[in-house]
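Visitor: when you get a sec, could you give me coordinates for this:
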Amino acid sequence: MADEASQVLLGSGLTVLSQPLMYVKVLVQVGYEPLPPTLGRNIFGRQVYQLPGLFAYAKHIVKVDGRAGLFKGLAPRLCSSAIGTVVHGKVLQRYQEAEKAEVRGGRRVLQGSPLPSLPASDSSSLLQTSREMVARSAATLITHPFHVITLRCMVQFIGRETKYSGTLSAFATIYREEGILGFFAGLVPRLLGDILSLWLCNMLAYLINTYALENGVSVTEMKSYSQAVTGFFASMLTYPFVLVSNLMAVNNCGLAGGLLPYAPTYSSWLDCWSQLHKEGNMSRGNSLFFRKVPAGKRYVWDERRFR
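Guide: Predicted coordinates for the structure are as follows:
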């Protein structure tokens, strides 16, 4: 219980600290650009037109809504973080209890292992990744309604709406207008992205640690960083799933940020993916520093976007 409480507190602290970053990222993902491009210099010293970065964007939000404005959507996000941490821990705990019961009964087996002939280390890696996948998926499934509310609270900045002013009232609004399915808008690409990211990260780290590095003191230290490096690489590859999931969560929900001119009404997440791919926007919002002006598009001041 103490470990679980400490994890919840740590997660909540990180959530609060990262809230302004996520807020700006979500608005950029939707395509909202309140500030026009400015002439600056890239890393090579050449003059180029750049879009305002994280700090300039955040400064604009503070100018409009004050410092508290940077924390819109924090309450449902904190609920999502706390509940997700508890669910994730409970699922893994159940697996550990089942494994201990098998050891006591002298019947230790690799449950569900599709390749029983693999070496023990390989099978163990597959088993641990599979359990982590189930735990993360369960946490994502249960907390997704809070995630949807968080995104919609943030996107209200674009149209200055107050439709989702509180967590409980937001639940009532979504249920009244969209039914149960409204709470799970964008769930499928989010789950797929999480699962792909997890397997890519763990398998790449395993291959590097097992086959690319040899045993040794210095190499052991390098192994501790392999998970972080592969995690960053996996998140870059699966970012389009995050973008599509967030766009579907706010799409056609009655907010200005989920309607034209920012976004058409997508029939499905695959339709959203296809249109973003055609427009060359699959990485929109992935970087909040050194943001380049989209090629072949012009900034529309009245609409605060590119087209």
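Visitor: helices and strands around the helix or strand hosting Glu4, which ones?
Guide: In this structure, Glu4 sits in helix 2-30 according to DSSP states H and E. Under the contact definition 3 or more CB pairs under 8 Å, 6 or more residues apart in numbering; DSSP states H and E, helix 2-30 sits against helix 54-65, helix 74-104, helix 120-159, helix 239-250. Bear in mind the C-beta positions are built from the backbone N, C-alpha and C, glycine included.
Visitor: and the first one, how far out from the chain middle?
Guide: Meaning helix 54-65. Its chain's average C-alpha position is 22 Å from that of helix 54-65, according to CA atoms, centre = their mean, to the nearest Å.
Visitor: and the average pLDDT for it is what?
Guide: Averaging pLDDT along helix 54-65 gives 95.
Visitor: could you count how many residues lie near Gly166?
Guide: Neighbours of Gly166 under the rule other CB atoms under 10 Å: 14.
Visitor: rewinding a little: tilt between the helix holding Glu4 and helix 239-250?
Guide: 80 degrees (axes from the mean of the first three to the mean of the last three CA atoms, to 10 degrees).
Visitor: what sits up against whichever helix or strand comes after helix 2-30?
Guide: Helices and strands here follow DSSP H and E; after helix 2-30, the next one along the chain is strand 38-41. Strand 38-41 has contacts (CB atoms under 8 Å, 6 or more residues apart in numbering) with Gln47, Val48, Tyr49, Gln50, Pro52.
Visitor: again, 7 Å this time
Guide: Under the contact criterion CB atoms under 7 Å, 6 or more residues apart in numbering, strand 38-41 has outside partners Gln47, Val48, Tyr49, Gln50.
Visitor: and Trp301, what is it in contact with?
Guide: Counting by CB under 7 Å, 6+ apart, Trp301 has contacts Pro36.
Visitor: can you check the distance spanned by stretch 254-262, start to finish?
Guide: 13 Å (CA to CA, to the nearest Å).
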